[in-house]
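**Q** got a predicted structure here, sequence first:
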Amino acid sequence: MTDYAIGDIQGCYERLMDVLDKVDFSPSRDRLWVAGDIINRGPSSLESLRYVRNLGSSAVVVLGNHDLHLLAVALGGHGLKKKDTLRDILEAPDHRDLLAWLLQQNICVHDPQRNFAMAHAGLPHIWEVDKAMGLARELEAVLRGPEVATFFRQMYGNEPSCWRDDLVGMERWRMITNYFTRMRFIAEDGTLELTAKESADDAPDGYAPWFSHERPDDVRVIFGHWAALEGDTGSERYIGLDTGCVWGGKLTVMNLDTDEKIHCDC
């Protein structure tokens, strides 16, 4: 069995098939770790979502901001945005099953044997990996619990901007969500800057890329989300797999045992 991790698919189903063909991926023997944003902006969100869902136990999935956006539209009453390509999912005969499946997926996963964690946007340096996993489980319980609609109605927002252990309710859940699914630039004290989306060299004053801060543990981090990086973090410890497929870049998978990266052009 070979385990592969893949960056943001974003509805690019044909390119997904191309890159999996390149590594001779077989769900009967291999496993795919999906770093979030299965859907949206690309032409085939429904096919992409169905494919990953149908992998069953051969997929390990963390949710990205676009995956959560679909749920916020469906469950929280938010409208579709101009560039969204989600209507085919919302109108599909199996849309309830697809949404229910998404709600059962992870916010962050940790493989202690390989010593890596995977979250869509990454891991903030203010949380060591065990604390991060505990907070991920806390948010996952909200997504699977009776307050899920309330969460999605109020999910959007940039405040609070910095973690405190005494945060409660929606402010706590939104803060956890933003670290795991929207983070790019962060200050030393953990304050997020969520408006800048440029390359790592263009950090706003007082902020730096999240992976440039010293962590309290030695865990490796696999993430997606930041296409402007083109996969380059300058460190073998922080593995960016969003190489901008939906923007005409590449779709990247990585062999988790050899660290070999395989691409297909998009």
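**A** Right, received. Where do you want to start?

**Q** can you get me a residue count around V168?
**A** Using other Cβ atoms under 10 Å, V168 is surrounded by 8 other residues. Where C-beta positions appear, they are placed from N, C-alpha and C, glycine not excepted.

**Q** and for L68?
**A** L68: 25 surrounding residues under other Cβ under 10 Å.

**Q** setting aside sequence neighbours, what's the nearest residue to it?
**A** Once flanking residues are discounted, L68 sits nearest to T181: 6.2 Å by Cβ to Cβ, 6 or more residues apart in numbering.

**Q** same question, R50
**A** R50 sits nearest to L98 (Cβ to Cβ, 6+ apart), 7.1 Å away.

**Q** which element is that neighbour on?
**A** Here L98 is covered by helix 95-103, with elements defined by DSSP states H and E.

**Q** quick check: mean pLDDT across that helix?
**A** Averaging pLDDT along helix 95-103 yields 98.

**Q** mind listing what's buried in that helix?
**A** H95, L98, L99, W101, L102 (16 or more other Cβ atoms under 10 Å).

**Q** how about the CA coordinates for that helix, as PDB?
**A** Taking Å, rounded to 0.1, in the frame of the first residue of the first chain, the C-alpha atoms of helix 95-103 are listed here in PDB:
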ATOM      1  CA  HIS A  95     -26.600  16.300  -2.400                       C
ATOM      2  CA  ARG A  96     -27.800  15.500   1.100                       C
ATOM      3  CA  ASP A  97     -25.600  12.400   1.200                       C
ATOM      4  CA  LEU A  98     -22.600  14.400   0.000                       C
ATOM      5  CA  LEU A  99     -23.200  17.200   2.500                       C
ATOM      6  CA  ALA A 100     -23.600  14.600   5.300                       C
ATOM      7  CA  TRP A 101     -20.300  13.000   4.300                       C
ATOM      8  CA  LEU A 102     -18.500  16.300   4.300                       C
ATOM      9  CA  LEU A 103     -19.700  17.000   7.800                       C
END
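
**Q** list the helices and strands that helix packs on?
**A** Applying 3 or more Cβ pairs under 8 Å, 6 or more residues apart in numbering; DSSP states H and E, one finds that helix 95-103 makes contact with helix 45-54, helix 65-76.

**Q** can you show me the CA trace of stretch 49-66 as PDB?
**A** The C-alpha trace of stretch 49-66 is given here as PDB (Å, rounded to 0.1, in the frame of the first residue of the first chain):
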ATOM      1  CA  LEU A  49     -16.600  15.400  -4.600                       C
ATOM      2  CA  ARG A  50     -18.300  12.100  -5.500                       C
ATOM      3  CA  TYR A  51     -14.900  10.600  -6.500                       C
ATOM      4  CA  VAL A  52     -13.300  11.400  -3.100                       C
ATOM      5  CA  ARG A  53     -16.400  10.400  -1.200                       C
ATOM      6  CA  ASN A  54     -16.500   7.100  -3.000                       C
ATOM      7  CA  LEU A  55     -12.900   6.300  -2.000                       C
ATOM      8  CA  GLY A  56     -14.300   5.400   1.400                       C
ATOM      9  CA  SER A  57     -11.600   4.300   3.800                       C
ATOM     10  CA  SER A  58      -9.000   4.800   1.000                       C
ATOM     11  CA  ALA A  59      -9.300   8.600   1.600                       C
ATOM     12  CA  VAL A  60      -8.200  10.700   4.600                       C
ATOM     13  CA  VAL A  61      -9.800  14.200   4.100                       C
ATOM     14  CA  VAL A  62      -9.400  17.500   5.900                       C
ATOM     15  CA  LEU A  63     -11.800  20.300   5.100                       C
ATOM     16  CA  GLY A  64     -10.800  23.500   3.400                       C
ATOM     17  CA  ASN A  65     -12.400  26.900   3.300                       C
ATOM     18  CA  HIS A  66     -14.200  26.100   0.000                       C
END
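
**Q** thank you, goodbye.
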